[in-house]
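Participant: What follows is a predicted structure for the sequence shown.
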Amino acid sequence: MSTATKYLWQSLSALDAPVEDHTPKASPAKVVRLVEPVEGISGGSLPTPQSSPKDWSKLIERVRHAANHAREIEAQAQEQELRVQKVLDRVREDVRNAAERVRAAEARTAEIQSRADALLKAADEKVKAAEERARIAEEWLTRVYDTIASEFTIEPDVKQTP
């Protein structure tokens, strides 16, 4: 079977198509548009069953380039997704670490508060004890004063004369 008749309405395998060395001349951002005329194909339109095998080969080559580009974009998207996943994992780890630090700080704060409460309670007890001692000392001073005043009184009748 000739190459021209193979290209009519029969399906092609990758091995049947003539291979020409076409390096992509368009930027990777361009996508093959099958609705608009394709440049480089005779007549400026899509190949028809009567088109030359060269036109079909160019179209197949463009499809291959578009497929390669799509695979590259998919690979880039997967790499980007992996990078995003790594960043999310790091953020999650940072959040876990921050939460652990917060829990540790809260535990230290509770411990410090507990010690402060104990110190305040001890200080309050010392103040109460000091107040009690001061009250008792005042009572004793009052007794001593009363005793001295009652025992060492100078009688008004006995005055010294010169």
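Facilitator: Right, received. Where do you want to start?

Participant: so where's this protein shaky on pLDDT?
Facilitator: Judged by pLDDT under 70, the chain has its weakly predicted residues at 1-47, 154-162.

Participant: now the helices for it?
Facilitator: 3-6, 53-151 (DSSP state H).

Participant: In TSV, list those along with mean neighbour count.
Facilitator: All C-beta atoms are positioned from the backbone trio N, CA, C, and that covers glycine. TSV is the format used below for those (neighbours: other CB atoms under 10 Å):
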stretch	mean neighbour count
helix 3-6	12
helix 53-151	11
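
Participant: any idea how far residue 76 is from residue 69?
Facilitator: Distance, residue 76 to residue 69, using CB to CB, to the nearest Å: 10 Å.

Participant: swap that for residue 85, sorry
Facilitator: Per CB to CB, residue 85 is found 24 Å from residue 69.

Participant: Give me the phi and psi angles of residue 52.
Facilitator: For residue 52, the backbone dihedrals are phi -80, psi 160 (criterion: degrees, to the nearest 10).

Participant: how near is it to residue 152?
Facilitator: In terms of CB to CB, residue 52 sits 146 Å off from residue 152.

Participant: Name the residue in those two with the higher neighbour count.
Facilitator: residue 52 (15 against 7; other CB atoms under 10 Å).

Participant: now residue 118: how far from residue 149?
Facilitator: The separation that residue 118 has from residue 149, given CB to CB, amounts to 46 Å.

Participant: Please apply the same query to residue 68.
Facilitator: According to CB to CB, residue 68 stands 119 Å off from residue 149.

Participant: before we move on, what about residue 82?
Facilitator: Relative to residue 149, and taking CB to CB, residue 82 is found at 98 Å.

Participant: now swap in residue 130 and tell me
Facilitator: For residue 130, the distance to residue 149 equals 28 Å [CB to CB].

Participant: hmm, who's touching stretch 131-148?
Facilitator: Stretch 131-148 is contacted from outside by no residue at all, using CB atoms under 8 Å, 6 or more residues apart in numbering.

Participant: okay, it in PDB with CA atoms only?
Facilitator: Taking Å, rounded to 0.1, in the frame of the first residue of the first chain, the C-alpha atoms of stretch 131-148 are listed here in PDB:
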ATOM      1  CA  GLU A 131       0.200  42.800 113.400                       C
ATOM      2  CA  GLU A 132      -0.600  40.400 116.200                       C
ATOM      3  CA  ARG A 133       2.900  40.900 117.800                       C
ATOM      4  CA  ALA A 134       2.500  44.700 117.500                       C
ATOM      5  CA  ARG A 135      -1.000  44.500 119.200                       C
ATOM      6  CA  ILE A 136       0.500  42.300 122.000                       C
ATOM      7  CA  ALA A 137       3.500  44.700 122.400                       C
ATOM      8  CA  GLU A 138       1.100  47.700 122.700                       C
ATOM      9  CA  GLU A 139      -0.900  45.900 125.400                       C
ATOM     10  CA  TRP A 140       2.300  45.200 127.300                       C
ATOM     11  CA  LEU A 141       3.500  48.800 126.900                       C
ATOM     12  CA  THR A 142       0.100  50.000 128.200                       C
ATOM     13  CA  ARG A 143       0.400  47.700 131.200                       C
ATOM     14  CA  VAL A 144       4.000  48.800 131.900                       C
ATOM     15  CA  TYR A 145       2.900  52.500 131.700                       C
ATOM     16  CA  ASP A 146       0.000  51.900 133.900                       C
ATOM     17  CA  THR A 147       2.100  50.100 136.400                       C
ATOM     18  CA  ILE A 148       4.800  52.800 136.500                       C
END
